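K.L.:
here is a sequence together with a model predicted from it:
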Amino acid sequence: MTEKLQESDYIDLLPEVRALVNKVVEQNMAEGILFSAGTDTSIIAYEAVKSNPKLKALTLEFKHGIPKDKEYVEKMVDFLKLNHELLVFGHDEMVTGAAKVVEILKTFDHMEVRNSVPVYIGLIALKENGIKSVFTGDALDELFGYPWQFHLSDADFAKALSDMWAMMRFSALPLGKAVGVEVKQPYLDPAFREFAEKVPIKLKVNIKDGEKFGKWLMRKSYEDIIPNEVVWRGKAPCEQGTGTQVLPQYFDEKVSTEEFETKKKKYLEEDGVNLETKEQLVYYEVFREKFGIPSEVYNDKSGKQCPNCKGYIDKTTDFCKICGKYPV
């Protein structure tokens with residue numbers, strides 16, 4: 001899945017991509033942006049400040065972690081002269097935010113919760129600053145493919161993307177609705193989505209300096225326009241970018257192994273729920289108190305039953321949105 005490219009394969013597309021991105025950003029203009037300085041949000045910010053130089057950019061950083069976004073954020077803030085704020089949060093804000101995220105998203109998938117809490121905290125902070133609408137970089141990975149899919153054949157990659165497009169959902173939308181901030185997602189604008197879905201696979205994933213990259217055409221379109229170390233930056237999920245990937249260690253220390261094993265046995269026997277980590281136990285207890293047992297909360301038996309939590313999910317997906325089990 002790395003067909004060698006000729007310049008003629010893409011050179012005429014580069015200005016077309018930039019014009020389209022500018023158009024969908026303008027059509028979906030927001031007052032603020034949750035800014036990670038990944039390829040996705042850097043491109044949006046670059047286009048947005050052309051007409052909205054006061055765009056409020058907010059970066060989240062977990063003070064107990066090692067946030068990978070930090071050096072790239074500093075570079076882009078200086079490059080775009082962004083109206084920027086860094087919000088550093090700790091364990092207390094994380095735990096409080098996690099309970100709210102479990103309640104809003106109706107899930108105890110520990111990866112989903114861990115990735116969504118910084119978004120929730122950021123939306124709250126922006127609202128308190130009077131910001132009513134916020135950009136996110138959602139959907140670019142889904143439209144162009146994730147690094148963990150690079151090993152697939154072209155046919156399998158195309159099917160995986162198609163399946164993902166049918167099921168993709170983003171926590172920012174329900175979180176924004178709950179908080180009272182409108183979330184703007186330019187990459188989900190119908191004009192951009194239609195274009196991106198038709199991009200040939202060889203332009204979605206290809207090689208740069210011997211390394212395989214997703215979003216290849218997007219990166220190439222902004223090469224030498226946005227700093228190359230940003231535009232050709234590797235993928236960093238929200239938990240790595242903000243530093244919240246250390247949370248499992250925190251919960252390992254807060255919950256004793258004896259308590260975890262006792263409760264794991266109890267919830268397996270009483271609820272049919274198989275909990276995998278101490279972090280997931282904490283989120284499950286919030287879910288259970290708020291909603292009840294997954295098999296009763298998600299009880300549409302026309303779907304298929306998750307073997308881990310016994311809730312029912314759509315037959316067309318292999319991912320359990322309730323507990324995060326994959327494959328189901």
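P.N.:
In hand now; what should we look at?
K.L.:
which residues of the stretch 101-250 of the chain score low on pLDDT?
P.N.:
Scanning the stretch 101-250 of the chain for pLDDT under 70 picks out nothing.
K.L.:
90 instead?
P.N.:
Filtered on pLDDT under 90, the stretch 101-250 of the chain yields the residue ranges 146-151, 160, 163-164, 166-169, 234-241, 244-245.
K.L.:
heading C-terminal from whichever helix in the chain runs longest, find the next helix or strand.
P.N.:
When the chain is parsed with DSSP state H, its longest helix is helix 110-128. The helix or strand immediately downstream of helix 110-128 is strand 133-135, counting by DSSP states H and E.
K.L.:
that following strand: partners in the sheet, and parallel or antiparallel?
P.N.:
Strand 133-135 sits in its sheet next to strand 32-34 (parallel), strand 182-184 (parallel), going by DSSP bridges.
K.L.:
quick one: residue 269 from residue 110, how far?
P.N.:
Note on residue 269: its distance to residue 110, by Cβ to Cβ, to the nearest Å, is 21 Å. For the C-beta atoms, the positions are set from N, CA and C on the backbone; glycine is no exception.
K.L.:
tell me which of these two has more neighbours.
P.N.:
Just comparing residue 269 and residue 110: by other Cβ atoms under 10 Å the higher neighbour count belongs to residue 110, 24 against 9.
K.L.:
quick check: that one touching residue 322?
P.N.:
No. Counting by Cβ atoms under 8 Å, residue 110 does not reach residue 322; the two are 11.9 Å apart.
K.L.:
how close does residue 133 sit to residue 55?
P.N.:
Taken as Cβ to Cβ, the span from residue 133 to residue 55 is 11 Å.
K.L.:
meant to ask about residue 11
P.N.:
Relative to residue 55, and taking Cβ to Cβ, residue 11 is found at 30 Å.
K.L.:
with residue 134 instead?
P.N.:
With Cβ to Cβ as the criterion, residue 134 and residue 55 are 10 Å apart.
K.L.:
please apply the same query to residue 86.
P.N.:
Counting by Cβ to Cβ, the gap from residue 86 to residue 55 is 16 Å.
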